[in-house]
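> Pasting the sequence and the predicted model now:
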Amino acid sequence: MSTLQNERLSPQRKLELVQGMHQAKNVKEYAEQVGVDRSYLYELRREMEQASLEAWSQRTVGRPSQPPPDQEVVRLQTELEQLDEKATVWEARARFAGIILDALESVGALKKTSSLGPIFLRN
């Protein structure tokens, strides 16, 4: 029997041997068929299990963390929030000014014009 374990096997070939071992009904016959000692197949399986455990132990549990946001995006979001706050204040001031203008017009202290804005009347 030629022995494959004395040759340098690729990781892919080692994986194929372990997978074949798991699918075989008789490991001894499979080992003879592929030209390796049965003990070598078990050694490959142990290596694969150990490598899997090491790879899994290095992974963190849960979702991967999100990368930190771009500082320019954060700056622009902050600026947008500030502008929204200022817009809210100016909208309130505009409503209040409209109420005052309506009140002045209703008491005759103001005459509205089309494009020049209000004209205040003196009594």
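Good, I have the coordinates.
> So which helix or strand of this structure has the lowest pLDDT on average?
The helix or strand of the chain with the poorest confidence is strand 119-120; it has a mean of 58 (mean pLDDT, DSSP states H and E).
> Touching stretch 54-66 from outside, list them.
Applying C-beta atoms under 8 Å, 6 or more residues apart in numbering, stretch 54-66 has no contact partners. To be clear about C-beta, it is placed using only N, CA and C from the backbone, and glycine gets the same treatment.
> same question for that stretch, mean pLDDT?
Stretch 54-66 comes out with an average pLDDT of 83.
> ok now it, how far from the chain's centre?
Between the centre of stretch 54-66 and the centre of its chain there are 15 Å (C-alpha atoms, centre = their mean, to the nearest Å).
> Same check on stretch 10-25?
36 Å.
> Show me what counts as buried in that stretch.
14, 17, 18, 21 (16 or more other C-beta atoms under 10 Å).
> could the residues you listed go into JSON lines alongside pLDDT and secondary structure?
Formatted as JSON lines, the buried residues of stretch 10-25 follow (pLDDT from 0 to 100; DSSP: H, G, I helix; E, B strand; the rest coil):
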{"residue": "14", "pLDDT": "92", "secondary structure": "helix"}
{"residue": "17", "pLDDT": "95", "secondary structure": "helix"}
{"residue": "18", "pLDDT": "94", "secondary structure": "helix"}
{"residue": "21", "pLDDT": "95", "secondary structure": "helix"}
